[in-house]
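[1] Compute the structure for the input listed below.
(2 chains)
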Amino acid sequence: MFLHYLNDNSMVCDFQLIYDTDSKPHLDFYAYGLANESKMLSVNAVGEIISYGMYKVDMNGYIQIMDKIDLICNDHAFLYDKIIEMKKSIDYLKNINNLVEALIMSDACNINEMRNCFEAMVNTMSYRRLADKAGEMLSENIDVERIAKLGPPSYLLILQESKERIRSNEDISVFIKEYGYLNSFNIAPTAYESYEYLKESIDKEEKSGQLLSLNVDYDDSKCENNIEKMLYGLMWFSELRHIYQLRTLRNFRWFFEKTNMNIFNTGAKELFHL
Amino acid sequence: MIKRLIDVNKLDKEYIGIKAYNSSILLKSDIATVDGFILYGEITQEEFKTADEYMDCNILYAVRSSMSGEDGSIISNAGKYQTILSVKKENLQSAVFHVYRQSGECKNKAVLIQPLVEAEVSGVIFTKNPITGNGLLINAVLGSGENMVSGSETPDEFEIVESSIKSSIQIKNAIFTYGQEKEPGTEIKMNNCRARYVICNEGKLLLSVHLEDNKKPVLNHKQIFTLTKEANKIKQLFCIDQDIEFTYANDMFYFLQARPITTITKPQSDRTNKLCYYAKANQIIKGERVSSGVFKGKAVNIKDQDKIDKLDNIVLVTDELYPEMIYQIKNIGAIVTAKGGKLSHAAIVAREKGIPCVTGLEDNIIRIKNGDTLLVDANNGNVVLL
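    Below is the predicted model:
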């Protein structure tokens, strides 16, 4: 992910190299998330966002960050505290998105609300690498089948199952708001957000609505020990991070459409004058 | 010995290699190419001193092998010998001797030295499609063509038959090229694509393509027809179909290298009863055909070098194929790769050696495990897992 720039001995990460996405905001979620890592880890790193989706950090700072991540991964008490922080970040991001959606739908959303939403997203993203690394380490000694039993459902499975439950026009509205955006990492809407496309899913005989809002409970009751509980926490975080990353992106699109901004090319710098 | 391209004559051909000789013909025929000079045979310090006078310390150079036995009309030995790009004037001697050492026991050794073009687009054009035998074929990438000809980057492909163009366009996230150092984040335009510098280390540059431009074709139709016209001129010059390397910079095409096309594929009659294998197939993975023929054998991953040496008639499975792998591994029945285009060195060699080869499987390559029985149907670009 990071590349060594010999000229000034720094490390550069360009998410445009890594992800095939169609929008600057999405690349900015990742890049600003990296920029926020040092604050989350309480490390003194000198970094900057060079351009949309692109982050550069001094070598000392980079090494300190990597060392801190390793330290936390190997200290279960420390890791446990971080998992609690991760869960709180998801809960906060979820609530901010609910607020922003309500405001957008009532034409009352402004740039400050979107900034709050962006900062909540970036805060969640700052835990991404730690969660991935810690999850890999903890899962090394656990059977793959056991991991599959412990973990929360994949968001892709949630998407497909909810689509199969569409039975009414009401369900279509719920599906578009709660699930449709999960179909793509792009900001441009897909068929899963199209009323006409989804109408084909309704039986000829329309039934009453049965689709509920998206909710993935935090449920570690199947876990038999602390390691499994921590692993569950990390897997839950990663799954919900994906879900709310895509939901936040969708909400940015809704905001851009309401305010006649370019949905692909309006990055954090243009929007918030960072 | 040392000679400038403009001073080459017919008598030099045997000593300077076909690459250098053909480059001199291009230069003298008013085809847009890059002027340079050749070092060949025994090279003394006196000759390096002369070379020094020909060179500019502010320019980067390409040092290309031009060995005897290379770039022939029957055998190309494509990719067998070295090319070193981004050579500074002060490093010429070590680059030349490195290419010489790599060539092993070669009858007549020579290297062609030319200024490096800071390419916006690089590619290869075949004046006859080596797969279908019909029309022309272009493979091109943004930036340097090094990764394309080595097979590690899959290019955009343009098949030209009379005035119609059939394109196959890749998603491009990264550009590899050579040039002057710039700060990370600096924006630039490569032909019609916006990009930005990520890292620049010692003349080697990595750029990322703007997210709105990553699905654009690297060449537009006007450029394709210009290329076709120039390529046909080069074909007439040499009186035989040509495999031509080109580069594009500052609104101009430069033709760097021209050699005869060694093999035009003809679909071979199957010796295997193909239909019954398709009927028994567990999976069929679609790829790109880059040669012809059908072969059934056991899959062996390139990483298992020990196994490769001990087994016969294997299907070599690898992410990308470098030509030296083919020259080193003697018992290959077929080749399957994740990346690479029809005009890469590896594809050329596979055709020359009559090895069925299917490329472009991309992520689907992970479905093939070591020891799987495969039917490689290069005639149709399919890999059948049995």
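[2] Any idea how far apart the tips of stretch B:233-250 sit?
    Using CA to CA, to the nearest Å, one end of stretch B:233-250 lies 22 Å from the other.
[3] buried set for stretch B:366-376?
    B:368, B:372, B:374, B:375, B:376 (16 or more other CB atoms under 10 Å in any protein chain shown). Just so you know, the C-beta spots here come from the backbone N, C-alpha and C atoms, and that holds for glycine as well.
[4] mind checking how far that stretch is from the chain centre?
    With CA atoms, centre = their mean, to the nearest Å as the basis, stretch B:366-376 stands 27 Å off its chain's centre.
[5] same question, stretch B:162-182
    Centroid displacement of stretch B:162-182 relative to its chain, using CA atoms, centre = their mean, is 14 Å.
[6] Mind checking the pLDDT average for it?
    Taken as a whole, stretch B:162-182 has a mean pLDDT of 90.
[7] Repeat that for stretch A:6-23.
    Averaged over stretch A:6-23, pLDDT sits at 92.
[8] For it, list the C-alpha coordinates in PDB.
    The C-alpha coordinates for stretch A:6-23 follow below in PDB (Å, rounded to 0.1, in the frame of the first residue of the first chain):
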ATOM      1  CA  LEU A   6      13.600   8.100  -1.900                       C
ATOM      2  CA  ASN A   7      14.000  11.800  -2.500                       C
ATOM      3  CA  ASP A   8      12.800  12.800   1.000                       C
ATOM      4  CA  ASN A   9      12.700   9.300   2.600                       C
ATOM      5  CA  SER A  10       8.900   9.400   3.000                       C
ATOM      6  CA  MET A  11       6.200   6.900   2.400                       C
ATOM      7  CA  VAL A  12       3.400   7.600  -0.100                       C
ATOM      8  CA  CYS A  13       0.100   5.900  -0.400                       C
ATOM      9  CA  ASP A  14      -2.200   6.600  -3.500                       C
ATOM     10  CA  PHE A  15      -5.500   4.900  -3.200                       C
ATOM     11  CA  GLN A  16      -6.200   5.700  -6.900                       C
ATOM     12  CA  LEU A  17      -3.600   3.000  -7.600                       C
ATOM     13  CA  ILE A  18      -5.300   0.500  -5.400                       C
ATOM     14  CA  TYR A  19      -9.100   0.800  -5.800                       C
ATOM     15  CA  ASP A  20     -11.100   1.000  -9.000                       C
ATOM     16  CA  THR A  21     -13.700   3.400  -7.900                       C
ATOM     17  CA  ASP A  22     -15.500   6.300  -9.700                       C
ATOM     18  CA  SER A  23     -15.400   9.000  -7.000                       C
END
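[9] could you pull out the helices for the chain?
    Using chain A here. All helices of chain A, identified by DSSP state H, fall at A:15-18, A:24-41, A:59-74, A:76-105, A:111-125, A:128-139, A:144-150, A:155-164, A:169-178, A:195-199, A:226-258, A:268-272.
[10] The intended chain is chain B.
    B:13-28, B:45-54, B:92-102, B:146-150, B:221-238, B:274-279, B:305-310, B:323-328, B:345-352.
[11] weakest of these in terms of mean pLDDT?
    Among those, helix B:305-310 has the lowest mean pLDDT, at a mean of 63.
[12] list the contacts for residue B:24?
    By CB atoms under 8 Å, 6 or more residues apart in numbering or on different chains, the contact set of residue B:24 is B:5, B:6, B:8.
[13] Name the nearest residue to the last one, ignoring sequence neighbours.
    Nearest non-adjacent residue to residue B:8, counting by CB to CB, 6 or more residues apart in numbering or on different chains: residue B:24, 3.7 Å away.
[14] tell me, how many neighbours does residue 140 end up with?
    Reading this off chain A. By the criterion of other CB atoms under 10 Å in any protein chain shown, residue A:140 has 7 neighbours.
[15] The intended chain is chain B.
    27.
[16] Quick one: residues contacting the nearest residue to residue B:238 once chain neighbours are set aside.
    Leaving aside its chain neighbours, residue B:238 sits nearest to residue B:258 (6.6 Å; criterion: CB to CB, 6+ apart). Neighbouring residues of residue B:258 by CB under 8 Å, 6+ apart: B:22, B:23, B:26, B:234, B:238, B:242, B:243, B:244, B:245.
[17] Residue B:244 is in contact with the fifth one, correct?
    Right, the one you point to is residue B:238. No: Residue B:238 is beyond contact range of residue B:244, at 9.8 Å (criterion: CB atoms under 8 Å).
[18] which sections of the chain are below the confidence cut-off?
    I'll assume chain A. For chain A, the stretches flagged by pLDDT under 70 are A:203-209.
[19] try chain B instead
    For chain B, the ranges with pLDDT under 70 are B:69, B:71-81, B:151, B:263-277, B:279-280, B:303-310, B:323-324, B:326-329, B:345.
[20] near chain A, which residues of it show up?
    B:171, B:173-174, B:181, B:184-185, B:187, B:196, B:198-202, B:206, B:208-212, B:214 (CB under 8 Å from any CB of the partner chain).
[21] for residue 147, what are its contacts?
    All of this refers to chain A. Counted by CB under 8 Å, 6+ apart, residue A:147 has contacts A:139, A:231, A:235.
[22] nope, chain B
    Counting by CB under 8 Å, 6+ apart, residue B:147 makes contact with B:141, B:153, B:176.
[23] Which of the residues you listed lies at the shortest distance from chain A?
    Closest to chain A out of the contacts of residue B:147 is residue B:176 (11.2 Å), distances taken as CB to the nearest CB.
[24] Near the closest one, how many other residues are there?
    19.
[25] these two touch, right, it and residue B:208?
    No: using CB under 8 Å, residue B:176 is not in contact with residue B:208; the gap is 11.2 Å.
[26] coming back round to it: dump the helices of chain B to a markdown table, plus distance to residue A:145.
    Shown next, in a markdown table, are the helices of chain B (distance: least, CB to CB, whole Å):
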| stretch | distance to residue A:145 |
| --- | --- |
| helix B:13-28 | 58 |
| helix B:45-54 | 66 |
| helix B:92-102 | 50 |
| helix B:146-150 | 40 |
| helix B:221-238 | 53 |
| helix B:274-279 | 34 |
| helix B:305-310 | 30 |
| helix B:323-328 | 38 |
| helix B:345-352 | 40 |
